[in-house]
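# Just to be clear, the model below is a prediction. Sequence and coordinates:
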Amino acid sequence: MLMGVTTPQNLDERFRDAVSALRPPDRRRAPGDPIRDGSTLTGTRALELFDAQLTSRHLDLAARWLRSFNEGFHTVGSAGHEGDAAVAAAIRPDDPALPHDRAGAFYCVRAAYRPDPAGADPAKRLEEAARDVLRGVVASVRDPITGGRDKVFGNAELHLVPVLSPPAGHLPRAVGLAYALSRSPDPRWPEDAIVVAAFGGEGVDQAGAAAALHTAGWHDRADDRIPLLLVCEDDTPGGPDPDGWVASVLRARPGVRYSFADACDLAAAYDAAAEAAAYVRHERRPAVLHLAAVHLLGRPGDPEPGADLDRDPLVGTARLLVEAGLLGPDGVINRYDEVGWQVRKAAEEVLGEPKLATVGEIVASLAPRRPMRVAHAIADAATLAAGPDAPARALAFGGRLPEQAGPMTLAQIINATLTDALAARSGLLVFGEGATRGGRHGVTAGLREYGGERVFDTLADPTGIVGLALGAGLAGLIPVPEVPGLADLYAAVGQVRSEAAALSFFSAGAYRNPLVLRVPALADPYGLGGRQAGDNSVAALRDVPGLVVAVPARAEDAAPMLRTCLAAAEVDGSVCVFLEPAALYQTRDLYQQGDSEWLAAYSSPDRWAGEHAPIGRARVYALGTARDLTIVTYGGGVRMSLRVAARLAADGYGTRVVDLRWLNPLPAADLVREAAATGRVLIVDETRRSGGVGEGVLAALVDGAFVGSARRVAAADSPVPPGPAAQHVLVGEDAITQGAQALLAR
């Protein structure tokens, strides 16, 4: 297999041989003239882009050299994609871009040829760009985007947003960013900025590309402005094919303008990119530029490049320059060698740079937590709501404030809290499938008074919904989207894991995407919904580093917890998933019919600060003496456990019911303390026995050196069926009672 891989040596030799065979023309073009007839690319610009292409190629070679003695941890892999230098040159240096993972030349152009008031030499900046890329290769803490946490192309100063997901997974975020910038300009970017996102040809078959193209086209048909340029760098073997599969997929997307060029021809690529960028900037409409590239320097097991070696974009640019008389063959090779020497020198220099040395250093940018600032933000919002913003708040509620409306259900309190948040935060957006009609459960009904700019409907696709949210958060807004259920969320969980929760970590805090993702969640014990609407697994969320997962069990906690998530998103850029127990949305009673004890009055602003629910802090209920048993639970388990605890109290047993409220991070200190108070712990877990929340609770007890008895009741390892059969799968009060009695008998 290794014989089927293009090596650095034979790629180098093929370049030298091809350039040596070129013949200068009889008449030279002036550097300021077009590089060839009919092109808008000048000779001067072509020479600059060639230097960037050469740098990118030598970065590939240097990365493999570093890897050969275990000092390099990524091999870059941009060889054959150097034509994207044309895209970087055709757009503005302050257009936000999400680069392809083979964007070496794009990065070098953006770094070296941006406007610089200090007048720095582009050649020096090109050397520094190479050094920065190599810092990522050797995992140096001086890497300008990740600080040694990975190797990606990104740089906040260059307006390059790192791409963190599998092929095309970043494209929904790009749609969201373009959507947000057209509605709420960000001071980091000019008002007429366009968003550029590049991806490989293999990405057209991925969910991210399908969602992005579909969403962009749908918004375009709705006359929404989406200034987005998608660039597909297609290295399908065999050369350019404007009628192949990738072209057919891209061309068929309604509402997205299509164009094609061969990226191995720098002049053609530049002309096509400039034309596409001008269209997007002027029309504020989406377009996709399909560039035919080539994949050189493949991995073991990749197909043999074969004839694709003849399409080396460096040879193509050298041919342009030689045929224009701007360089001779010897001049090209001398330039190639000089750049190679500079890149190798930079590689040697970064070898000794420091690496991340402790877990603390590594996770420093993962998910900043500043609980005091969050608490202060809530207190400040309360002061404004009760004072200067009181008239606007009254208007938002139609003159009848929610604290005057009497006891409310969980759904009603969430609606009121969102209304308050919309009134207080001009940058807050609420959206989702049917959001203006209330969403699947009517929770957002009535919020449409804020208009289509801030409360709006989307397509049903969860990937597109989350992508819109991530782009809006990147643009400085506070998105609060709704995904209809856990089963729907799992279609987009890759967005949450790779793009949302990881952005701050992999950009060393330079970028963030604040998010409060609402999900009607967990299963209904009365069998409504079945497996789709009643999915009861949260395993895919609990192991995401930095992600906040909140579960309000009752109306009284919903408002404080939602305010905390909103404040954390605003203050710390937190990514929060707000799981709302759908089965409890309209529940009114707790112990007996008509007692209305599951309802709660909405608190006036003067009480918000005192009711603050910090992330990672549980709520404890004491029944009877509270000395005999501790029940640890959350969501629907809280109501069932309180009912069981009341019956136990009637029999003389005292119980502490611990509502976790936060599934990530778990309130470990609270649950260990409450467990130790009785020495008996019953874990009531709505999710499945395998991979459920109960496993995390048990681990926290072990880590906290709990000494005592513990027992767990959890849902069966099964999808949830509809109807009465659901009660055989899910946790019920009988199982909780049996578990409690077994512990009390010890």
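Great, that's in hand. Numbering: from 1, shown residues only.

# For stretch 206-216, buried residues please.
Neighbour-count burial for stretch 206-216, counted by 16 or more other Cβ atoms under 10 Å, picks out Q206, A207, G208, A209, A210, A211, A212, L213, H214, T215, A216. Every C-beta, even on glycine, is put in place using the N, C-alpha and C of the backbone.

# how distant is that stretch from the center of its chain?
15 Å (Cα atoms, centre = their mean, to the nearest Å).

# same deal with stretch 390-407?
In terms of Cα atoms, centre = their mean, the centre of stretch 390-407 is set 35 Å apart from its chain centre.

# Give the buried residues for it.
Buried residues in stretch 390-407, counted by 16+ other Cβ under 10 Å: R393, A396, F397, L401, P402, E403, P407.

# Of those, which belong to strands?
P407 (DSSP state E).

# Just the buried residues of stretch 390-407: which are in helices?
R393, A396 (DSSP state H).

# any chance of the buried residues of stretch 390-407 in JSON lines, plus pLDDT and distance to A416?
Output for these, formatted as JSON lines (pLDDT from 0 to 100; distance: Cβ to Cβ, whole Å):
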{"residue": "R393", "pLDDT": "93", "distance to A416": "11"}
{"residue": "A396", "pLDDT": "90", "distance to A416": "10"}
{"residue": "F397", "pLDDT": "92", "distance to A416": "8"}
{"residue": "L401", "pLDDT": "95", "distance to A416": "9"}
{"residue": "P402", "pLDDT": "95", "distance to A416": "4"}
{"residue": "E403", "pLDDT": "95", "distance to A416": "9"}
{"residue": "P407", "pLDDT": "96", "distance to A416": "12"}
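
# Just give me the closest of the buried residues of stretch 390-407 to V109.
Using Cβ to Cβ, A396 comes nearest to V109 of the buried residues of stretch 390-407, at 47.9 Å.

# Now do the residue lying closest to the closest one once chain neighbours are set aside against A705, distance only.
Leaving aside its sequence neighbours, A396 sits nearest to A423 (Cβ to Cβ, 6 or more residues apart in numbering; 4.0 Å). Going from A423 to A705 by Cβ to Cβ, to the nearest Å gives 47 Å.

# Surely L11 is within a helix?
Yes: L11: assigned to a helix according to DSSP: H, G, I helix; E, B strand; the rest coil.

# And the pLDDT at it?
Looking at L11, its pLDDT stands at 88.

# can you start the count at 62 instead of 1 from here on
Noted, 62 is the first residue going forward, which turns the last one into L72.

# gap between it and D778?
52 Å.

# and what of V742?
22 Å.

# Just want to know which of those two has more residues nearby.
Shown here are V742 and D778; by other Cβ atoms under 10 Å, V742 has more neighbours (26 against 12).

# pretty sure M469 is touching P463, no?
Yes: M469 lies in contact with P463 (Cβ atoms under 8 Å); the separation is 7.3 Å.

# Can you pull the residues that touch both of these two?
Any residue near both M469 and P463 by Cβ atoms under 8 Å, 6 or more residues apart in numbering counts here, and that gives A477, Y663.

# after the least confident helix or strand in the chain by mean pLDDT comes which helix or strand?
In the chain, the helix or strand scored least confidently by mean pLDDT, DSSP states H and E is helix 591-594, which has a mean of 72. Moving toward the C-terminus from helix 591-594, the next helix or strand (DSSP states H and E) is helix 600-603.

# by contact count, what packs against that next one?
With contacts defined as 3 or more Cβ pairs under 8 Å, 6 or more residues apart in numbering; DSSP states H and E, helix 600-603 has these neighbours: strand 723-725.

# What residues sit buried inside the biggest helix by length in the chain?
Secondary structure assigned by DSSP H gives helix 104-129 as the longest helix of the chain. Buried residues in helix 104-129, counted by 16+ other Cβ under 10 Å: 104, 106-128.

# likewise stretch 81-98?
Those would be L83, P85, R90, P95, I96, R97, for stretch 81-98 by 16+ other Cβ under 10 Å.

# in terms of contact, does the fourth one touch R106 like I think?
No: counting by Cβ under 8 Å, R106 is not a contact partner of P95; they are 9.8 Å apart.

# how many neighbours does the nearest residue to A506 once chain neighbours are set aside have?
Among residues not flanking A506 along the chain, G499 sits closest, at 3.3 Å (Cβ to Cβ, 6+ apart). Applying other Cβ under 10 Å, we find 17 residues neighbouring G499.

# how much space is there between G499 and G493?
To G493, G499 is 10 Å away according to Cβ to Cβ.

# Helices of the stretch 212-361 of the chain, residue ranges please.
Secondary structure of the stretch 212-361 of the chain (DSSP state H, counting those that start in this stretch): helices at 232-242, 268-282, 306-312, 327-344.

# Redo those helices as CSV? Include distance to G513.
Compiled in CSV, the helices of the stretch 212-361 of the chain are given as follows (distance: least, Cβ to Cβ, whole Å):
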stretch, distance to G513
helix 232-242, 12
helix 268-282, 12
helix 306-312, 29
helix 327-344, 21
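
# immediately after the longest strand anywhere in the chain, which helix or strand?
For the chain, the longest strand by residue count, based on DSSP E, is strand 741-749. Heading C-terminal from strand 741-749, the first helix or strand you meet, by DSSP H and E, is helix 754-764.

# from the middle of its chain, how far away would that following helix be?
Put simply, helix 754-764 sits 28 Å off its chain's centre (Cα atoms, centre = their mean).

# so what does that helix touch, helix or strand wise?
Checking 3+ Cβ pairs under 8 Å, 6+ apart, helix 754-764 ends up next to helix 729-739, strand 741-749, strand 770-776.

# So which of the ones you listed is the most surrounded?
Most buried of the helices and strands packed on helix 754-764, by mean neighbour count (mean count of other Cβ atoms under 10 Å): strand 741-749, with a mean of 26.

# Would you mind writing the CA trace of it as CSV?
Only the C-alpha atoms of strand 741-749 are listed here, as CSV (Å, rounded to 0.1, in the frame of the first residue of the first chain):
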residue,chain,number,x,y,z
ARG,A,741,-29.0,5.3,52.6
VAL,A,742,-29.3,6.5,49.0
LEU,A,743,-32.0,5.6,46.4
ILE,A,744,-31.2,6.8,42.9
VAL,A,745,-34.4,7.4,40.8
ASP,A,746,-33.3,7.7,37.2
GLU,A,747,-35.8,8.4,34.4
THR,A,748,-33.2,7.4,31.8
ARG,A,749,-32.0,3.9,30.9
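
# Parallel or antiparallel, which strands does that strand pair with?
strand 690-694 (parallel), strand 770-776 (parallel) (DSSP bridges).

# can you give me the angle the first one makes with helix 754-764?
What it means is strand 690-694. Interaxial angle of strand 690-694 relative to helix 754-764 (axes from the mean of the first three to the mean of the last three Cα atoms, to 10 degrees): 130 degrees.

# distance between strand 690-694 and the chain's centre?
Using Cα atoms, centre = their mean, the mean C-alpha position of strand 690-694 is found 35 Å from that of the whole chain.

# where in the chain is pLDDT low?
62-67, 178-180, 359-369, 512, 588, 591 (pLDDT under 70).

# May I ask which helix or strand encompasses P621?
Take DSSP H and E as the rule and P621 turns out to sit in helix 616-633.

# Next SSE downstream of that helix?
Later in the chain than helix 616-633, the nearest helix or strand by DSSP H and E is strand 636-642.

# any idea of the angle that following strand forms with strand 741-749?
Between strand 636-642 and strand 741-749, the angle comes out at 100 degrees (the same axes, to 10 degrees).

# Just the C-alphas of strand 636-642, formatted as CSV.
Extracted in CSV, the C-alpha atoms of strand 636-642 (Å, rounded to 0.1, in the frame of the first residue of the first chain):
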residue,chain,number,x,y,z
VAL,A,636,-23.5,26.2,25.8
CYS,A,637,-26.6,25.0,27.6
VAL,A,638,-29.2,22.3,26.8
PHE,A,639,-32.4,23.0,28.7
LEU,A,640,-34.3,19.7,29.0
GLU,A,641,-37.9,20.4,29.8
PRO,A,642,-39.9,17.4,31.1
